[in-house]
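> Let me see the structure of the following:
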Amino acid sequence: MSDRKKWDELRQEALSHPDAQEAYEATRIRYELGRTVREHREALGMSQAQLARAAGLQQPAVARFEAGGTMPTLPLLERFASALRLRLHVGFEPLDRAS
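Residues are numbered from 1 along each chain as shown. As a prediction, this is how the structure comes out:
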């Protein structure tokens, strides 16, 4: 048997470092926000360009956001929500319930 570690072990070891956990969490949040906007945009049958126009943005900014490439401000999230005919809701959950 080899001394090589499995991917799950390496991942867990890397995430045990506090800085890595913080970076992972920031990335997860960006990804989830982008995915949510994309899902709502697609459900409305909108293109990225249409969403961009409705939100007062350029299409590449929408693409970057949907890919998780930017951490948005609350005003930007409000612009997306309005363009998607949604109401922005921001809240807190106990860590044991968070995904």
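> Isn't residue 33 up against residue 74?
No: with contact defined as C-beta atoms under 8 Å, residue 33 does not reach residue 74; the gap is 11.4 Å. Using the backbone N, CA and C atoms, a C-beta is placed for each residue, glycine as well.
> which of the two has more neighbours?
residue 33 (19 against 9; other C-beta atoms under 10 Å).
> Check what pLDDT the more buried one gets.
On pLDDT, residue 33 comes in at 95.
> go on, residue 10?
At residue 10, pLDDT is 80.
> what about this protein, any weak spots by pLDDT?
Low-confidence segments of the chain (pLDDT under 70): 1-3, 98-99.
> quick one, helices of it?
Here the chain has its helices, by DSSP state H, at 7-15, 18-43, 48-55, 59-66, 74-83.
> got the angle for the last one vs helix 48-55?
Between the axes of helix 74-83 and helix 48-55, defined by axes from the mean of the first three to the mean of the last three C-alpha atoms, to 10 degrees, the angle is 110 degrees.
> Show me what helix 74-83 packs onto, helices and strands only.
helix 48-55 (3 or more C-beta pairs under 8 Å, 6 or more residues apart in numbering; DSSP states H and E).
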